[in-house]
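[1] quick check, what structure comes out for this input:
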Amino acid sequence: MTFSDKYIESLKPGDKINDIREGRGFGIRVLPSGVKTWFFIYRIDGKRRFMNIGHYPSISLKEARKRYRDAYSMFEQGKDPAATAEQERDDRRKAPTVADLAAEYMEKHAKPNKKTWKRDELCLNNDVCPVLGKLKAQDVRKRDVVLLLEGIVNRGAPGQARTVLEVMRRMFTFAVERDILETSPMFGVKPLTKKISKDRVLTPEEIKVLWTGLETASISDEVRRALKLILVTGARPGEVIGMQSAEIAGDWWQIPANRSKNGIVHRVFLTETAKSIIGPAEGYVFPSPRGDKSIDVNAMAYAIRRNLKGYKRQRAARKASDSDVPIMASVPDEKKIDIAPFTPHDLRRTAATMLAEIGYTNEIIDAVLGHKARGVIAVYNRHDYSREKQLALESWERKLDSIINGNAESNVIPISRHMVT
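    Numbering: from 1, shown residues only. Just a heads-up that it's a prediction; the model follows:
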């Protein structure tokens, strides 16, 4: 018998199972319930095997024959097509989802190897997993990634879209390196927007408005002090919020290698202003209200968004239980700080720019900022610049005082553009 679409459609259920064969083990089974199932019956190693190759009409006659031919070809090669199909289904069930892959990436790569692992975790938890988390990682296509990134750009966060792209590319590369996936869907995916040069520097007028505005803004004491300390020391936001009392000895704060961005111990001179901001502390100088840890770097960025008139109100990106960024009511306009938007890192850039305006060379400014020396200088110059860093930050302290309090500019000791001796 040769099946036809009309014949298959005409088959009616009876009182018992009815198997109808076309030939060479291929056929259709009609159950009393009316369900019609395509099958391939064969013997391998002396055992009779029944292989379900789909239900009609979801699987058409044409598709059923194709599946049968594939199974028969495997059978002729001495393989068991039903066992192979069962193994593939089992592998499919066990295949990791994007959420599974994200968790494995965080535990086996990001946390052990990256100082910025918290950034990766936030990107994956807030932007990637809510959209792609339930998909099998092997099913993710380039188009899925592009649509996800477009969604982030469309909500007004092009910078975050670039960060998410970077994190996803690293995660899928990790999956290929660990043989979790054969290929990465990130190949050929490019940033959807151009990277904007980060050149925001606060003017003296903005510095004064910010410094005084922080006192009345709707910001926690920890965040308020951390923002000020970034400006006073020029240190990185992540290094400031992680400050611990054990790292401070007299007038110096020593950032250990495992906390510094470049993996090198960095000593920061603490002016009287810096020490007054730090105050008495045991353990974390900027403790989190959510346990034995420091505040999250995103708490500062979120506090800025909520308290600047230059920012439009934005929805909190995560639940209060998941980070130090609580979901809060909007801040009244009268309490907001009236300057253009900026980021915590812009305060570090502002400090560096002010040092340059006072007259310090790039070499000394790099020492203050903790930049890693390059080339021949890195090999031969072993000077630690402690004296120069102290003089530079004391000069910046006087300049900052003149900006905030209107003290005489003469209190700022100018220096030549040559190295301090």
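[2] name the SS class of N125, please.
    helix (DSSP: H, G, I helix; E, B strand; the rest coil).
[3] count of residues packed around it?
    Using other CB atoms under 10 Å, N125 has 18 neighbouring residues. C-beta coordinates here come from the backbone N, C-alpha and C atoms, glycine included.
[4] again with L210
    Neighbour number of L210 under other CB under 10 Å is 24.
[5] isn't it right next to T203, touching?
    No. Applying CB atoms under 8 Å as the test, L210 and T203 come out as separate, 10.2 Å apart.
[6] where do the helices sit along the stretch 251-400 of the chain?
    With helices called from DSSP state H, counting those that start in this stretch, the stretch 251-400 of the chain shows them at 272-278, 297-307, 344-358, 362-369, 375-380, 386-405.
[7] okay, now the domains of this protein?
    According to automatic domain parsing, the chain comprises the domains 5-93, 98-177, 204-411.
[8] which residue is the nearest non-sequential neighbour of P158?
    Among residues not flanking P158 along the chain, T193 sits closest, at 4.1 Å (CB to CB, 6 or more residues apart in numbering).
[9] which stretches of the stretch 1-150 of the chain aren't confidently modelled?
    For the stretch 1-150 of the chain, the stretches with pLDDT under 70 are 92.
[10] please redo it, this time with the cut-off set to 90
    Low-confidence segments of the stretch 1-150 of the chain (pLDDT under 90): 1, 23-24, 44-47, 78, 82-95, 114-116, 118-119.
[11] how about the strands in it?
    With strands called from DSSP state E, counting those that start in this stretch, the stretch 1-150 of the chain shows them at 18-23, 26-30, 36-44, 47-56.
[12] who does the first one pair up with?
    Meaning strand 18-23. With DSSP bridges as the test, strand 18-23 is paired with strand 26-30 (antiparallel).
[13] how far off centre is the partner strand?
    Relative to its chain's centre, strand 26-30 lies at 52 Å (CA atoms, centre = their mean, to the nearest Å).
[14] just to revisit the earlier point, which one, of the helices of the stretch 251-400 of the chain, ends up nearest to G27?
    helix 297-307 (61.7 Å; CB to CB).
[15] send the alpha carbons of the closest one over as CSV?
    Taking Å, rounded to 0.1, in the frame of the first residue of the first chain, the C-alpha atoms of helix 297-307 are listed here in CSV:
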residue,chain,number,x,y,z
VAL,A,297,28.8,50.8,43.4
ASN,A,298,25.4,51.0,41.7
ALA,A,299,24.0,52.5,44.8
MET,A,300,26.0,55.7,44.0
ALA,A,301,24.9,55.8,40.4
TYR,A,302,21.3,55.3,41.4
ALA,A,303,21.5,58.0,44.1
ILE,A,304,22.8,60.4,41.5
ARG,A,305,20.0,59.6,39.1
ARG,A,306,17.4,60.2,41.8
ASN,A,307,18.8,63.4,43.0
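[16] mind giving me the packing neighbours of it?
    Under the contact criterion of 3 or more CB pairs under 8 Å, 6 or more residues apart in numbering; DSSP states H and E, the helices and strands touching helix 297-307 comprise helix 221-233, helix 237-241, helix 344-358.
[17] and with 10 Å instead?
    Counting by 3 or more CB pairs under 10 Å, 6 or more residues apart in numbering; DSSP states H and E, the packing neighbours recorded for helix 297-307 are helix 117-123, helix 204-213, helix 221-233, helix 237-241, helix 344-358.
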